[in-house]
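Novice: how does the following fold in three dimensions:
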Amino acid sequence: MAFTANTAFQIRRSNDRYDDLQHRTGLYGSFSGSDFTAADADAGLLCNIGDGIPAGGNYMTLAADGTAKLYAANTTDVQRLVAGDNRWAVGNQTLGLGIPAGVKDDFTELKVGETYAFGPGNFSTLVTTTNKYARVSDGYLVGSDSAPASGYYFELDTELGIDYFVEANYNAFSRYNLVLRQA
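Specialist: So this is what the prediction gives:
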């Protein structure tokens, strides 16, 4: 799969510095019976945690809805340049990098009451000041004017609102600051 443009994830207001277990090593993909197939994960893709992987970490699968605990793909990598047998890690343009298929990386456990930022690519329908709620659908967010009756959902943070992700010294794209809620 190609990565979706303008996806991003950022922890905005959290207690994660006092909760090391909020960051889990995971391998994203899907199951067909007991067979696991690794897949690319966009930045901020919403997932559910699965069984442990024998070599460490957990299998992560697409969050179809907000009924189970949510995790977000939160890559710790940087861009790579490859020429022949040489590979260089380049630290510019790190915003919105996805996790390539077959690579274990960080998945952040999302906690009720904490604020997270997503890019416009993480939505199938954007949130606005009037459509300030977002529910989970197939790993992405769907803006709505009302909160769902059950499960996990997001609400636009009234203080942080909608601003911009900054990369280098320019505004890259809109940043939607959302608080995780549970009905």
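
Novice: show me which helix or strand of the protein is least confident by mean pLDDT.
Specialist: strand 79-83 (a mean of 75; mean pLDDT, DSSP states H and E).

Novice: how about that strand as PDB, C-alpha atoms only?
Specialist: Listed next in PDB are the C-alpha coordinates belonging to strand 79-83 (Å, rounded to 0.1, in the frame of the first residue of the first chain):
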ATOM      1  CA  GLN A  79      13.600   9.200   6.000                       C
ATOM      2  CA  ARG A  80      16.200   6.900   4.500                       C
ATOM      3  CA  LEU A  81      18.400   7.400   1.400                       C
ATOM      4  CA  VAL A  82      19.700   4.300  -0.300                       C
ATOM      5  CA  ALA A  83      22.500   4.100  -2.900                       C
END
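
Novice: which neighbouring elements make contact with the helix or strand following it?
Specialist: As assigned by DSSP states H and E, the chain's next helix or strand after strand 79-83 is strand 86-90. Packed against strand 86-90 by the contact rule (3 or more CB pairs under 8 Å, 6 or more residues apart in numbering; DSSP states H and E) you find strand 79-83. C-betas here are computed from N, CA, C, even on glycine.

Novice: quick one: strands adjacent to the strand it packs on?
Specialist: strand 86-90 (antiparallel) (DSSP bridges).

Novice: which residues are contacting the strand it pairs with?
Specialist: Outside strand 86-90, the residues within contact range by CB atoms under 8 Å, 6 or more residues apart in numbering are 78-82.

Novice: gap between that strand and the chain center?
Specialist: 25 Å (CA atoms, centre = their mean, to the nearest Å).

Novice: chain center to the next helix or strand after it: distance?
Specialist: Downstream of strand 86-90, the next assigned helix or strand under DSSP H and E is strand 105-109. The chain centre lies 8 Å from the centre of strand 105-109; the measure is CA atoms, centre = their mean.

Novice: paired strands for strand 105-109, with orientation please.
Specialist: strand 23-32 (antiparallel), strand 71-73 (antiparallel).

Novice: which parts of stretch 120-137 are buried?
Specialist: Residues of stretch 120-137 classed as buried: 120-123, 127, 132-137 (neighbour count, 16 or more other CB atoms under 10 Å).
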